[in-house]
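[1] Structural data only, the sequence is not supplied:
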């Protein structure tokens, strides 16, 4: 073994040891968080890694930046062969991939092709950062220095690789025929005639030193996502987006009431901080941020990472925490403020946009739980809402006995479960469908359509209570769980096959989140259910009654991003519409929130532009005469927006059920 091999072996082992130490250090920080199972559904998780991670599917939501990043990522995967060759040569100088024979030519050609693509991508990244300057790359404490340093390191790895490949024929003339596959590097070799072996050693040492330095810089950089992004995709939720559930039993010790600091977050919420690359995609689509609110989803994740870096080493080492650190909390003016947390509409746009599947909303709700359940610190108007939910089973101050008032004036009889016991479909009317004057019309339309189709259904009537969605998203988990458990017990009394809902928030909570409380139901939204009835001709459409007005459709966040229902509503609209269906500029999974989710329905919007006005203006830009939606919250927000813009006479906000009923025989 030559002295060069010994020096390399020492450096390599030191670098690997330091990198391993940093991985174990960060792991010890994560162990401080609450437990959470993210290792089930192996097949689905691997599929996510292949599609989102290796395939970079989400990165292309921003095409130009996406292509740049994907080429760098794929380039690194391909160029692992060059790095491995260099490392093996550090221990055994005579090694070359040329030993693989003609197969090696595939590796050599791919190194040249992808090396060039990576270099071009790095140059574009620098051009984009310093010339194009997209807004999302600035702010929230994100700096250029770290990004530029990493880009220069990547460029260094590529250039030194080309240098090594350009002159390595001098060391391994026996593989000269195979090295011809280096069609770029071989041409560069003509620039380095004479002293090829010395040049080879210079390029090789520069190459391995940059690689080892790069590797050990990563744990201290936002670009640690190079290591953590694929694991984070693997660890992300495999099913529908749901809130984490930890049953609250006040008789137990150490009851989780919310996350005020890092050790009260789950380990996965902490890990998200290490997976963040600060790309700003989440913030660029956040409706609160777009309308001037203090919330930036990127900052939330960066603050979690920063607070973890500050406090976790002391907790993990079981050291006394200095007063200047102990006196802070994650949820405080030092990091994440109340105003930031209350601005969130839980629309899931940030999670949907994140290329590495960071789950911002779960962390935000955990911190809201801390504000509500540990600190009793929440907007004044929520005191009334929580009181109404607790006393009346609804956000409004209507008595439970009024749950069936929406049926008054109908020329059909709406069957009540208590008088029927067994039926096929339980129609969950919801609080808005029961009490909101405008949305009562939707409930009546649904009931009439069910009657036309001769569906065997019933409603709970006075036995129905709020599903718990708003209480959960607002952080009052104790109240939410109380209502959920009561509803589950009520439904145990009846035999039915599925639950029909008109509210996407009911769809999400009852359909996806009641399972954690023993309520495993098949839940369908009325846009799906009525659509099937139309297809089966159980509801017949009269062509002469179809509307000829231009319609635009607003995607409810809880129908779309939470439950992936985009085409079903549009197909139903086509059945009842002679005119055009005009899409807004932000639609489907890019649709802008109405501003009412996350419990914002019950809070005043005092900062910046109102989200519902931003969305209403977008709808009005289509020149549609009807804005169609499928959510009571969206209907309220868009109706208010149309009124505020002075367009109430010209533009109507309608639900699917109303449009289908108007067009039915």
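    All right, it came through fine. Note that the structure is predicted; figures quoted are calculated from it, not measured.
[2] what ranges of the stretch 1-150 of the chain fall below the confidence cut-off?
    Applying pLDDT under 70 to the stretch 1-150 of the chain flags residues 1.
[3] Break down it into its helices, ranges please.
    3-30, 42-48, 63-91, 104-127, 144-167 (DSSP state H, counting those that start in this stretch).
[4] For the shortest one, buried residues please.
    Think helix 42-48. 45, 48 (16 or more other C-beta atoms under 10 Å). Just so you know, the C-beta spots here come from the backbone N, C-alpha and C atoms, and that holds for glycine as well.
[5] Residues contacting it, please?
    For helix 42-48, contacts defined as C-beta atoms under 8 Å, 6 or more residues apart in numbering pick out 233, 234, 235, 236, 238, 357.
[6] go again using 10 Å as the cut-off
    38-39, 41, 53-55, 57, 230, 233-239, 357 (C-beta atoms under 10 Å, 6 or more residues apart in numbering).
[7] Would you pull up how far that helix lies from the middle of the chain?
    Centroid displacement of helix 42-48 relative to its chain, using C-alpha atoms, centre = their mean, to the nearest Å, is 17 Å.
[8] okay, now the domains of the protein?
    For the chain, automatic domain parsing gives the domain ranges 3-30+62-233, 262-374, 381-534, 539-663.
[9] okay, those in JSON lines with mean neighbour count next?
    Listed next are those as JSON lines, based on neighbours: other C-beta atoms under 10 Å:
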{"stretch": "domain 3-30+62-233", "mean neighbour count": "17"}
{"stretch": "domain 262-374", "mean neighbour count": "21"}
{"stretch": "domain 381-534", "mean neighbour count": "20"}
{"stretch": "domain 539-663", "mean neighbour count": "20"}
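[10] Figure out which of these is closest to residue 245.
    domain 381-534 (4.1 Å; C-beta to C-beta).
[11] Show the end-to-end separation of that closest one, please.
    With C-alpha to C-alpha, to the nearest Å as the measure, domain 381-534 spans 42 Å from end to end.
[12] Begin at 132 from now on, thanks
    I'll keep to 132 as the first residue from here, and by that count the last item is domain 512-665.
[13] returning to that earlier point: which stretch among the domains of the chain comes nearest residue 379?
    Nearest to residue 379 among the domains of the chain is domain 512-665; the distance by C-beta to C-beta comes to 5.1 Å.
[14] any idea of the mean pLDDT in that closest one?
    Average pLDDT, domain 512-665: 97.
[15] To residue 742, which of the helices of the stretch 132-281 of the chain lies closest?
    helix 194-222 (25.9 Å).
[16] where exactly do the strands run in the stretch 632-781 of the chain?
    Using DSSP state E, counting those that start in this stretch, the strands found in the stretch 632-781 of the chain span residues 654-656, 682-684, 757-760.
[17] helices and strands around the second one, which ones?
    Helices and strands touching strand 682-684, by 3 or more C-beta pairs under 10 Å, 6 or more residues apart in numbering; DSSP states H and E, are helix 698-707, helix 742-751, strand 757-760.
[18] Is it possible to get a markdown table of these that adds mean pLDDT?
    Output for those, formatted as a markdown table (pLDDT from 0 to 100):
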| stretch | mean pLDDT |
| --- | --- |
| helix 698-707 | 92 |
| helix 742-751 | 98 |
| strand 757-760 | 97 |
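[19] Same list as before, the ones you listed that is, but in a markdown table and with distance to residue 261 included.
    Below are the helices and strands packed on strand 682-684 laid out as a markdown table (distance: least, C-beta to C-beta, whole Å):
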| stretch | distance to residue 261 |
| --- | --- |
| helix 698-707 | 41 |
| helix 742-751 | 31 |
| strand 757-760 | 42 |
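[20] how near is residue 619 to residue 421?
    Residue 619 is 38 Å from residue 421, where distance means C-beta to C-beta, to the nearest Å.
[21] Would you map the helices across the stretch 432-581 of the chain?
    Using DSSP H, counting those that start in this stretch, helices in the stretch 432-581 of the chain cover 454-457, 469-473, 480-484, 491-500, 512-523, 561-566, 568-583.
[22] could I get those helices as a markdown table with distance to residue 698?
    Shown next, in a markdown table, are these (distance: least, C-beta to C-beta, whole Å):
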| stretch | distance to residue 698 |
| --- | --- |
| helix 454-457 | 51 |
| helix 469-473 | 34 |
| helix 480-484 | 17 |
| helix 491-500 | 24 |
| helix 512-523 | 34 |
| helix 561-566 | 24 |
| helix 568-583 | 20 |
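[23] circling back to that earlier point, residue 265 is nearest to which of the helices of the stretch 132-281 of the chain?
    Nearest of those to residue 265, taken as C-beta to C-beta: helix 194-222 at 7.7 Å.
[24] Buried only: go through the contacts of helix 173-179 for me.
    The neighbour count (16+ other C-beta under 10 Å) marks 169, 184, 361, 364, 365, 366, 367, 368, 488 as buried among the contacts of helix 173-179.
[25] Name the nearest of these relative to residue 150.
    residue 361 (16.5 Å).
[26] Surely that closest one forms part of a strand?
    No: under DSSP: H, G, I helix; E, B strand; the rest coil, residue 361 falls outside any strand and is assigned helix.
[27] just checking, it touches residue 184?
    Yes: with contact defined as C-beta atoms under 10 Å, residue 361 counts as touching residue 184 (4.5 Å).
[28] Spit out the residues that contact the two alike.
    Jointly contacting residue 361 and residue 184 under the rule C-beta under 10 Å, 6+ apart are 204, 487.
[29] any idea how far the most centrally placed residue in the chain is from residue 352?
    Nearest residue to the geometric centre of the chain (C-alpha atoms, centre = their mean): residue 482, 1.3 Å. Residue 482 is 24 Å from residue 352, where distance means C-beta to C-beta.
[30] Turn the helices of the stretch 132-281 of the chain into CSV, including distance to residue 639.
    Shown next, in CSV, are these (distance: least, C-beta to C-beta, whole Å):
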stretch, distance to residue 639
helix 134-161, 29
helix 173-179, 20
helix 194-222, 29
helix 235-258, 38
helix 275-298, 37
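[31] Let me see the ranges of the helices in the stretch 632-781 of the chain.
    635-639, 657-666, 698-707, 742-751, 763-775.
[32] Which one of the ones you listed lies nearest to residue 584?
    Proximity to residue 584 (C-beta to C-beta) singles out helix 657-666 among the helices of the stretch 632-781 of the chain, at 4.6 Å.
[33] Please name every helix or strand in contact with the closest one.
    strand 556-559, helix 568-583, strand 629-632, helix 635-639, strand 654-656, helix 698-707, helix 787-794.
[34] Could you give the separation of the fourth one from the chain centroid?
    This points to helix 635-639. How far helix 635-639 lies from its chain's middle: 18 Å, per C-alpha atoms, centre = their mean.
[35] cool, the second one as well?
    Its chain's C-alpha centre lies 34 Å from the corresponding centre of helix 568-583 when counted by C-alpha atoms, centre = their mean.
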